[in-house]
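S.K.: need a structure here:
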Amino acid sequence: MKYKAICFDIDGTLYPIGTMNRRIFRLSVTHPIFGLKYRKARREFRRHQAAFRQDIPFRWREAMIVRNGTGAEGEDVFSEESFRAKYGRTYDRLHRWSYDKMGKLYEKTTPFNGVAETFAKIKNNGLKIGVFTDFPLFHKLQAMNLEKYVDFAASSDDVGRLKPDTHCFEYLLYNLRMDPQDVLYVGDSYKKDIIGANDAGVDAVLVNVKGYKPGETEARYPLAKAVFGTWDEFDRWLTAEMEDNRC
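M.R.: A predicted model of the protein is given here:
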């Protein structure tokens, strides 16, 4: 295998996306109007992030977008005092109503069958494992008993960008001390994971594709190095790739 590291998304890649959707729905029901504003803010964030300055921390920018209803760059120059005065209430609600509760929900997360075994095989073959996810890491890796295999893990909180922005993947490469050609990225979203990785020069495979049909589904995802309907299919492919390297 030509790769020196295998890197992963988390939500929908290592555990079923339905689990995350149900948890987010539970939070939205508690505060429905705020939940709608938050979901819109994530879309607005992706839409405008290429033009964002670097001086506003990720959570404060989220609060600004939730409060303003738009991600278009404003004239606000960040300072803790000025942002606390203008967006502090929204920032506190973002944590209290979303992230704090979400973190507790993720204390119990069950991965797809075989994920831990796949991670163990990757490490046994001398490769590094990296993780990058849009949503906070919380304790997901610990809950899934995967943390011990992971060499580096980060989220959009660390970068100030959401996938598919190339900053996310470049941050992963920098911290793993890897060049783009050394890494294979694994994700469940074509728009966020595959396109983003390719824009950064990183090969990527798509996993857990619903309605996957061999020989047909691949055509819909031309930038993916490979496409798999289940984690087990990905594991068999990866195992064969690593075994070929030892021959």
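S.K.: lowest-confidence helix or strand of this structure?
M.R.: helix 17-30 (a mean of 70; mean pLDDT, DSSP states H and E).
S.K.: helices and strands around the particular helix or strand that has residue 60 in it, which ones?
M.R.: Assessed by DSSP states H and E, residue 60 sits inside helix 58-68. If you count contacts as 3 or more CB pairs under 8 Å, 6 or more residues apart in numbering; DSSP states H and E, helix 58-68 packs onto helix 32-48, helix 80-93, helix 156-159. Heads up, the C-betas are built off the backbone N, CA and C, glycines and all.
S.K.: Dump the shortest one to CSV, restricted to CA.
M.R.: The C-alpha coordinates for helix 156-159 follow below in CSV (Å, rounded to 0.1, in the frame of the first residue of the first chain):
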residue,chain,number,x,y,z
SER,A,156,-13.7,22.2,12.8
ASP,A,157,-13.3,23.8,16.3
ASP,A,158,-9.6,23.6,15.8
VAL,A,159,-9.5,24.9,12.2
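S.K.: Outline the domain layout of the protein.
M.R.: For the chain, automatic domain parsing gives the domain ranges 5-16+112-246, 19-105.
S.K.: Export those domains to CSV and append columns for mean neighbour count.
M.R.: Formatted as CSV, the domains of the chain follow (neighbours: other CB atoms under 10 Å):
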stretch, mean neighbour count
domain 5-16+112-246, 19
domain 19-105, 15
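S.K.: who wins for proximity to residue 65 among the helices and strands packed on helix 58-68?
M.R.: If you check each of these against residue 65 by CB to CB, helix 32-48 wins as the nearest, at 4.2 Å.
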